[in-house]
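**Student:** output the structure for:
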Amino acid sequence: QIGSLVGHIRRHDNLLKSDTVLEMGAGRATTGFAVSGVCAAEKQDKVKLVVVERGGARSKADSAARRIINSNATSENDPISTTTVGGDKEYFRGDGVDFHRIKCDLAHVSIPHAMAEVEGGVLLCQEVNTVDNTSNATGHKDEKRNVLVIAKHLCGAGTDLALKSI
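**Tutor:** Have a look, this model is predicted:
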């Protein structure tokens, strides 16, 4: 399933366009981690991963992801943090992912405010960025980012809540 999602995202050229991967209803966040790792390898740059989940995860996957992200290994020394295809091109860069988890029900989260907090006060949503040289309430210049929103296991009501929260 994850490979198919990555393939669809790649086919529509969204891997190179995305600065941030936002996974809604993330659970253990393995889908978001895989997509953002592939995105980081494609871009050869850091990609921010923000996952939103009500809670309930035991953080086992978070610990493993953080261990990979925080490793300062290169692709030659650590096959877990990077993976190459055909020996030439990196397919996955786990150390290129900047991971953030938001524990909140989709019914109660405001993605613009949550993303602003993740960014340290810089608002990211297009509605807020209507004028190029404006500053937000914290005095920071607003910055537009290309956010790729993914969700793998949302029911109809969860999908509605996710779309409303954005």
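
**Student:** return the distance of whichever strand or helix holds residue 112 from the chain's centre.
**Tutor:** Assigned by DSSP states H and E, residue 112 belongs to helix 111-118. Centre-to-centre, helix 111-118 and its host chain are 13 Å apart (CA atoms, centre = their mean, to the nearest Å).

**Student:** restrict that helix to CA atoms and write it as CSV.
**Tutor:** In CSV, the C-alpha atoms belonging to helix 111-118 read as follows (Å, rounded to 0.1, in the frame of the first residue of the first chain):
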residue,chain,number,x,y,z
ILE,A,111,-3.9,22.8,11.1
PRO,A,112,-2.8,26.4,10.4
HIS,A,113,-2.3,27.0,14.1
ALA,A,114,-0.6,23.6,14.7
MET,A,115,1.7,24.1,11.7
ALA,A,116,2.6,27.6,12.9
GLU,A,117,3.6,26.2,16.3
VAL,A,118,5.7,23.5,14.7
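
**Student:** who are the packing partners of it?
**Tutor:** strand 20-24, strand 47-53, strand 97-103 (3 or more CB pairs under 8 Å, 6 or more residues apart in numbering; DSSP states H and E). The C-beta positions use only the backbone N, C-alpha and C, and glycine is treated the same way.

**Student:** identify each buried residue in it, please.
**Tutor:** Neighbour-count burial for helix 111-118, counted by 16 or more other CB atoms under 10 Å, picks out 111-112, 114-116, 118.

**Student:** thinking again about what came up before, can you redo the helices and strands packed on helix 111-118 as TSV with distance to residue 63?
**Tutor:** Below are the helices and strands packed on helix 111-118 laid out as TSV (distance: least, CB to CB, whole Å):
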stretch	distance to residue 63
strand 20-24	17
strand 47-53	14
strand 97-103	11
